[in-house]
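Just a sequence and a predicted model for now, questions to come.
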Amino acid sequence: MLTYWLLYLLPLAFALIFTQRQQRTLLPWVATGALFIIIIGLRDKIGCDWCNYLRHYEEMVDIPYAEAFTTLKDPAHSFVNWVANEFDWGIYGVNLIYATIFVIGLIKFARTQTYPWLALAVSVPYMVVMVSMGYSRQGVALGLFMFAITQLEKGRFKSYIVWVLFAALFHKTALVLLPFGLFLTKGNMIVRLLVIVPVLYGGWDLLLAEKEEHLWQTYVEQQMQSSGAKIRVAMNFLPAIFLLLYRKRWKHLYRDYPFWLWISIASIFSMFLVGYATTAVDRISLYFIPLQLAVFSRLPYLLRKQISPQVTTLFILFFYALVLFVWLVFATHSHCWLPYQNILWEGLF
């Protein structure tokens, strides 16, 4: 449990110590990123899906290169496992690659926020601990999505599409993120639609069409359930409400309002739909977690005329410390994360 608190308390300390100008100093980010990669990537038997991912790795033993992209559910996931098998890196090699991609995307995204270290602290209890250590493929897809957002903010619409498609090769559900690219970059909406629609259709046809009926039966008709889904969806619902409440200030200060508005709308709809298709909505709403980072890392600045930014920051940090505590102590599946083990210091914590 101590390791998870280290992951949280490190960015928390930097969020409190550094001034707004100092928050983008590079060296602490490199050191923190390296620590995150080690803790996420070299974990041992952590996460309830550990055995499933270990089986994925073992299924790639002695598989010819030509079959590497088709053996498992997702092409990029298959290929990474095949490469790790070829070089005998073990499941830890796969996890290290995934952790590196995820952390680079996370830090790249966090550093674009108004209070970057606060954004990183907000990411730890839910995104880092639960998602990247529990749902490895979606963790990679989420890291790539966050990197894609940074490209979109620079007006690189095509780059956004490429990175989201890359994310979909690790987890097909990332395809749902393509339409959100319409709402940030400048330019003709019709032209962007003419790009998005065929790409989305092609991606769906290539990655999901054959499994469409099976997915519908599993996630909707059979009402597959995910424990804690409503709480996780509510975690995105809260910042969505904050964005709507302070939308005028947000629009005045940040030009990415349309993008986050639609992510917020999707998060609000998820809250109402989670009771009907629990697991499906839960999995899709994982991609909306960056909304928490964007909103709560800007909230101190948005509210600065009413509340001191330091006070708002403390409230946010306390709230996420409470989230981490409650999850570690009371969550149904937290036992899959406890005690934390790492191949570098197994038994130390």
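Perfect, thanks for sending it.

Flag the shaky bits of this protein, pLDDT-wise.
19-24, 69-72, 184-227, 347-349 (pLDDT under 70).

before we move on, which element is the residue most central in space within the chain in?
With distances taken as Cα atoms, centre = their mean, the residue of the chain nearest its centroid is L142 (3.6 Å). Assessed by DSSP states H and E, L142 sits inside helix 136-153.

just checking, what packs against the following helix or strand past that helix?
Next along the chain after helix 136-153, taking DSSP H and E as the criterion, comes helix 157-170. The helices and strands touching helix 157-170, judged by 3 or more Cβ pairs under 8 Å, 6 or more residues apart in numbering; DSSP states H and E, are helix 75-86, helix 136-153, helix 189-207. All C-beta atoms are positioned from the backbone trio N, CA, C, and that covers glycine.

and the first one, which residues are buried?
Applying a neighbour-count criterion of 16 or more other Cβ atoms under 10 Å, one finds P75, A76, H77, S78, F79, V80, N81, W82, V83, A84, N85 buried in helix 75-86.

Looking at those residues, which is nearest A294?
Nearest to A294 among these is A76, at 26.2 Å by Cβ to Cβ.

Including distance to S308, could the buried residues of helix 75-86 go into JSON lines?
Shown next, in JSON lines, are the buried residues of helix 75-86 (distance: Cβ to Cβ, whole Å):
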{"residue": "P75", "distance to S308": "50"}
{"residue": "A76", "distance to S308": "45"}
{"residue": "H77", "distance to S308": "46"}
{"residue": "S78", "distance to S308": "51"}
{"residue": "F79", "distance to S308": "50"}
{"residue": "V80", "distance to S308": "46"}
{"residue": "N81", "distance to S308": "49"}
{"residue": "W82", "distance to S308": "53"}
{"residue": "V83", "distance to S308": "50"}
{"residue": "A84", "distance to S308": "49"}
{"residue": "N85", "distance to S308": "54"}
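
What is the nearest of those residues to A13?
A13 lies nearest to V80 out of those, by Cβ to Cβ, at 33.6 Å.

and that closest one, what is it in contact with?
For V80, the contact set (Cβ atoms under 8 Å, 6 or more residues apart in numbering) comprises V94, I97, Y98.

Ok, A321 next?
Y8, L12, P125.

what's the answer for A15, then?
A15 neighbours (Cβ under 8 Å, 6+ apart): Q23, Y115, W117, L118, L120, A121, T313, L317.

With V176 instead?
Taking Cβ under 8 Å, 6+ apart, one finds I284, Y287 in contact with V176.

quick one: it from I284, how far?
As defined by Cβ to Cβ, to the nearest Å, V176 lies at a distance of 6 Å from I284.

was I right about V274 contacting N236?
No - counting by Cβ atoms under 8 Å, V274 does not reach N236; the two are 10.5 Å apart.

what touches both of these two?
By the contact definition Cβ under 8 Å, 6+ apart, V274 and N236 are jointly contacted by S285.

Count residues in the vicinity of the nearest residue to T112 once chain neighbours are set aside, would you?
For T112, the nearest residue in space outside its immediate sequence neighbours is T150; the separation is 5.6 Å by Cβ to Cβ, 6 or more residues apart in numbering. With neighbours defined by other Cβ atoms under 10 Å, the count for T150 comes to 18.

Same question for the one 3 residues further on.
By other Cβ under 10 Å, 17 other residues sit near E153.

separation between the residue nearest to it when sequence neighbours are not counted and L175?
Once flanking residues are discounted, E153 sits nearest to D256: 6.0 Å by Cβ to Cβ, 6+ apart. Noted for D256: a distance of 22 Å to L175, by Cβ to Cβ.

what about these two, which has more around it?
Using other Cβ under 10 Å, the more surrounded residue of D256 and L175 is L175, with 22 against 17.

didn't that one look like it was pressed against A168?
Yes - using Cβ under 8 Å, L175 is in contact with A168, at 4.8 Å.

Any buried residues in the helix or strand where S123 lies, and which?
Secondary structure assignment for S123, by DSSP H and E: helix 116-123. Within helix 116-123, the residues that count as buried by 16+ other Cβ under 10 Å are P116, W117, L118, A119, L120, A121, V122, S123.

Same check on stretch 255-274?
Neighbour-count burial for stretch 255-274, counted by 16+ other Cβ under 10 Å, picks out 256-257, 259-261, 263-264, 266-268, 270-271, 273-274.

Same list, the contacts of A321, but as JSON lines with neighbour count, secondary structure and distance to L328 please.
Shown next, in JSON lines, are the contacts of A321 (neighbours: other Cβ atoms under 10 Å; DSSP: H, G, I helix; E, B strand; the rest coil; distance: Cβ to Cβ, whole Å):
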{"residue": "Y8", "neighbour count": "23", "secondary structure": "helix", "distance to L328": "10"}
{"residue": "L12", "neighbour count": "23", "secondary structure": "helix", "distance to L328": "16"}
{"residue": "P125", "neighbour count": "24", "secondary structure": "helix", "distance to L328": "9"}
